[in-house]
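Q: got a sequence here, can you build the structure:
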Amino acid sequence: MKNVALITGASSGIGKELANIHAEKEGDLIIVARRQDKLNALKSELEQKHSIKVMAIVKDLSVPNASKELFEKVKSANIQVNYLINNAGFGLRGKFHELSWQRQMQMINLNMVALTELTYLFLPEMVKRNSGKILNTSSTASFLPGPLQAVYFASKAYVTFLGNAIAEELHDTNITVTTLMPGATETEFASTSGMDKTELFKKTVSARSVAEDGYNGMLKGKLDVVSGLTFSQSMMMKMIPFTPKKMILQQVRKGQEVE
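A: Modelled structure (predicted):
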């Protein structure tokens, strides 16, 4: 396999579009997700359409040791990963103390622990050969606290700050770490998180446009890529440093309440 991108959460949404974009550029792929049927369908489609090689690995990265198992499978196949795209993640809407602790723990494991471990496992080889790119899918939620999605917002803040810090640690190498921060995007996220009936998700952008922004930003070695914000949302983001935190918290909570 050549010019390989490993993409987690590749069976739908932004991850699937990232896989399509890389395949269109004639790059080979390792696609990872929980749903075998969707993963195998994507593998067949990409191989037939673009004449590339695709390895599909069914793995639930919210489960302990799953990241290490994924890494070892790639190593045993003697595949060099040129692009590590940590895209898998999910959210939950509701009050922190009322949501299932098990689901919140799975979210922490997937959004933060798996992403961190995969970066830790694959980065040393990139450093050794002094080449490689990492793209982490975070969220514009990482800019502020998120009442009614407390753990999700906090997990994405972690993703953004971790990626930014590692990028600076690698400033004297040819390796880059890019953080993609989408706004409300047309994916399965809204329905699985319970956000589909909220004010925030009344206007969404396509997963393809967000994936293109992220992928192109990664190729250019950008630090952060913000994508998919409406004009009013962009203005709100710019006003965050000048707005009392209590007011921001109220606005975010209202935006996530179900009408």
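Q: thought residue 221 was touching residue 173?
A: No - counting by Cβ atoms under 8 Å, residue 173 is not a contact partner of residue 221; they are 11.0 Å apart. Using the backbone N, CA and C atoms, a C-beta is placed for each residue, glycine as well.
Q: give me every residue that touches residue 131.
A: If you count contacts by Cβ atoms under 8 Å, 6 or more residues apart in numbering, residue 131 has them with 82, 174-175.
Q: one more time with 7 Å
A: When contacts are counted by Cβ atoms under 7 Å, 6 or more residues apart in numbering, residue 131 is found next to 174-175.
Q: ok, it to residue 177 distance?
A: As for residue 131, its distance to residue 177 is 13 Å (criterion: Cβ to Cβ, to the nearest Å).
Q: please apply the same query to residue 75.
A: Taken as Cβ to Cβ, the span from residue 75 to residue 177 is 21 Å.
Q: neighbour-wise, which of the two wins?
A: Neighbour count, other Cβ atoms under 10 Å: between residue 75 and residue 177, residue 177 has more, with 25 against 14.
Q: bridge partners for that one, pull those for me.
A: residue 134 (DSSP bridges).
Q: which parts of the stretch 51-200 of the chain are strands?
A: 54-58, 81-86, 132-137, 175-182, 185-186 (DSSP state E, counting those that start in this stretch).
Q: mean pLDDT lowest for which of the ones you listed?
A: Between the strands of the stretch 51-200 of the chain, the lowest average pLDDT goes to strand 185-186, which shows a mean of 62.
Q: what count of nearby residues applies to residue 76?
A: Neighbours of residue 76 using other Cβ under 10 Å come to 8.
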